[in-house]
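Asks: my questions are about this predicted structure, shown below with the sequence.
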Amino acid sequence: MKVFIPMAGKGTRLRPFTLNTPKPLIKVAGKPIVSHLISQIASSINTNIEEIVYIVGDECYFDQTIIKLLEDISREYNAKTKIYRQLEKLGTGHAIMCAQESLEGPSIIAYADTLIHGRLNISDNVDGIIWVQEVKDPSSYGVVRLNNNENIIELVEKPEHFISNKAVVGIYYFKDATILKNQLAPYLNKKLAKGQEYLLNFGIEKMIEKEYVFKPQTLENWMDCGTPKLIVSSNSKMLNLLRPEPAEYKKEGKVELIEPVYIGNNISISNSTIGPGVTIEDNAKIKDSKISSSIIMDNSKISNAELRNSLIGANTIFDGNFKNIYLGDYSKLDNNED
């Protein structure tokens with residue numbers, strides 16, 4: 001099995017947290033988003049992942065440090081790493097075709113802006129699987145239209161009228177990715193009107209027209225990570241699902257941990273209440289604070305705070321009475337300063 005991870009975007013909706021770190025490498029519940037994604041795929045399928053194909057952007061943003069991190073993630077699953085670059089943002093179909101040399105055989109395509117938890121069941125009796133989640137408002141999503149045999153016959157983006165409540169979450173299985181490649185190749189030779197993009201859905205719909213069978217499969221848990229608010233919410237949900245054991249940390253005074261909590265390495269906590277739903281990354285220092293449903297990134301210092309539903313960036317100093325705040329990397333907010 002090959003796993004394709006398109007991740008060339010710059011995560012503009014998550015700025016300033018993505019100014020230095022690509023969105024898929026932001027840590028949630030102690031691990032990068034992309035690492036959680038691959039972990040769930042690897043633990044679900046009944047075969048080994050032979051190769052992980054990352055489609056990244058230009059070297060100014062996705063430099064060799066980032067590439068090494070991705071290679072390290074692949075090694076956790078004894079998988080080879082293949083890197084392709086999408087230098088022009090021309091759509092999801094274009095992104096996948098940047099890796100066309102690798103598009104063959106059984107493959108999973110998974111967009112690295114979501115978290116999942118639950119099994120991905122692969123069937124040899126179908127040509128493709130599209131994972132979905134049932135949603136209350138289908139008009140805000142791309143959804144699948146099904147026939148009487150529960151086969152997917154159409155992909156509809158943000159339908160004005162009800163078609164189904166099964167929203168596409170951005171994870172796809174192809175029994176043979178060569179077929180997808182053959183459908184997308186002539187499409188990418190066409191000149192598009194201004195503002196249009198080459199979409200992955202086009203290749204899937206062409207396969208469906210040629211009577212390849214696609215089935216929907218509902219994921220147990222799907223969490224969006226597109227904005228700071230969603231990142232924080234997804235962190236709490238993942239902690240509840242994973243229930244990590246808090247690591248050792250330096251403790252001073254009265255400290256209360258309300259699980260689930262993730263504690264990184266070299267953490268110092270004094271006279272504070274932490275949790276539930278809190279991730280504290282490496283080398284952080286927490287003092288005289290109460291923190292719940294929040295993420296504190298690496299090397300940050302928090303004092304005299306009562307935080308909830310907050311995201312504090314790396315290398316940040318925060319001393320204040322804000323209760324809900326998103327504070328980017330290398331920031332300083334200190335109410336005691338003149």
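Replies: That came through, no problem. Values in this document were obtained by computation on a predicted structure and should not be read as measured data.

Asks: give me the residues contacting the top helix by length along the chain.
Replies: Longest helix in the chain, counting residues (DSSP state H): helix 228-242. Residues external to helix 228-242 that are found in contact with it (Cβ atoms under 8 Å, 6 or more residues apart in numbering): 14, 17, 26, 28-29, 36, 115, 117, 221, 223-225, 260-262, 276-279, 293-295, 309-311, 326. Just so you know, the C-beta spots here come from the backbone N, C-alpha and C atoms, and that holds for glycine as well.

Asks: ok, 6 Å please
Replies: 28-29, 115, 117, 223-225, 260, 277, 279, 293, 295, 309, 311, 326 (Cβ atoms under 6 Å, 6 or more residues apart in numbering).

Asks: how about the strands in the stretch 1-150 of the chain?
Replies: Secondary structure of the stretch 1-150 of the chain (DSSP state E, counting those that start in this stretch): strands located at 2-6, 27-28, 31-32, 51-56, 80-85, 107-110, 114-117, 128-134, 142-146.

Asks: worst average pLDDT in these?
Replies: Lowest mean pLDDT within the strands of the stretch 1-150 of the chain: strand 114-117, at a mean of 84.

Asks: quick one: low-confidence parts of this protein?
Replies: Within the chain, the ranges that satisfy pLDDT under 70 run 11-13, 335-338.

Asks: tell me the one of the contacts of helix 228-242 nearest residue 7?
Replies: residue 225 (11.9 Å; Cβ to Cβ).

Asks: farthest-apart pair in the contacts of helix 228-242, please.
Replies: 117 and 326 (24.4 Å).

Asks: buried residues, the longest helix of the chain. List them.
Replies: Under the neighbour-count criterion of 16 or more other Cβ atoms under 10 Å, helix 228-242 has 228, 230-239 buried.

Asks: next one: stretch 179-199
Replies: 179-181, 183-184, 187-188, 198-199.

Asks: just checking, which of those belong to helices?
Replies: Counting by DSSP H, the buried residues of stretch 179-199 contribute 179-181, 183-184, 187-188 to helices.

Asks: nearest to residue 252 among the buried residues of stretch 179-199?
Replies: Distances from residue 252 to those, taken by Cβ to Cβ, are shortest for residue 199, at 54.6 Å.

Asks: contact partners for the nearest residue to that closest one once chain neighbours are set aside?
Replies: With sequence-adjacent residues excluded and distances taken as Cβ to Cβ, 6 or more residues apart in numbering, residue 199 is closest to residue 93, at 4.9 Å. Residues counted as contacts of residue 93 (Cβ under 6 Å, 6+ apart) are 184, 198-200, 202.

Asks: for those, which two are the farthest from each other?
Replies: Counting by Cβ to Cβ, the most remote pair of the contacts of residue 93 is 184 and 199, 9.4 Å apart.

Asks: what's around residue 211, how many residues?
Replies: Residue 211 has 8 neighbouring residues, counting by other Cβ atoms under 10 Å.

Asks: do you know how far it is from residue 161?
Replies: Using Cβ to Cβ, to the nearest Å, residue 211 is found at 26 Å from residue 161.

Asks: same deal with residue 36?
Replies: Taking Cβ to Cβ, one finds residue 36 at 35 Å from residue 161.

Asks: more crowded one of the two?
Replies: Shown here are residue 36 and residue 161; by other Cβ under 10 Å, residue 36 has more neighbours (25 against 7).

Asks: and the more buried one, what does it touch?
Replies: residue 115.

Asks: so which of the strands of the stretch 1-150 of the chain gets nearest residue 251?
Replies: strand 27-28 (22.7 Å).

Asks: just the residues contacting the closest one, thanks.
Replies: Taking Cβ under 6 Å, 6+ apart as the rule, strand 27-28 contacts 234-235, 238.

Asks: in its sheet, what does that strand sit against?
Replies: strand 31-32 (antiparallel) (DSSP bridges).

Asks: list the buried residues for stretch 130-139?
Replies: Those would be 130-133, 135, 138, for stretch 130-139 by 16+ other Cβ under 10 Å.

Asks: let me fix that: stretch 102-120
Replies: Those would be 102-103, 106-117, 120, for stretch 102-120 by 16+ other Cβ under 10 Å.

Asks: bridge partners for residue 81, pull those for me.
Replies: Assigned bridge partners for residue 81, using DSSP bridges, are residue 52.

Asks: again but with residue 221, I slipped
Replies: residue 117.

Asks: looks like it contacts residue 117 (just checking).
Replies: Yes. Assessed by Cβ atoms under 6 Å, residue 221 is found in contact with residue 117 at 4.0 Å.

Asks: phi and psi next, for residue 155.
Replies: phi -110, psi 120 (degrees, to the nearest 10).

Asks: how about it, what does it touch?
Replies: Applying Cβ under 6 Å, 6+ apart, the residues contacting residue 155 are residue 201.
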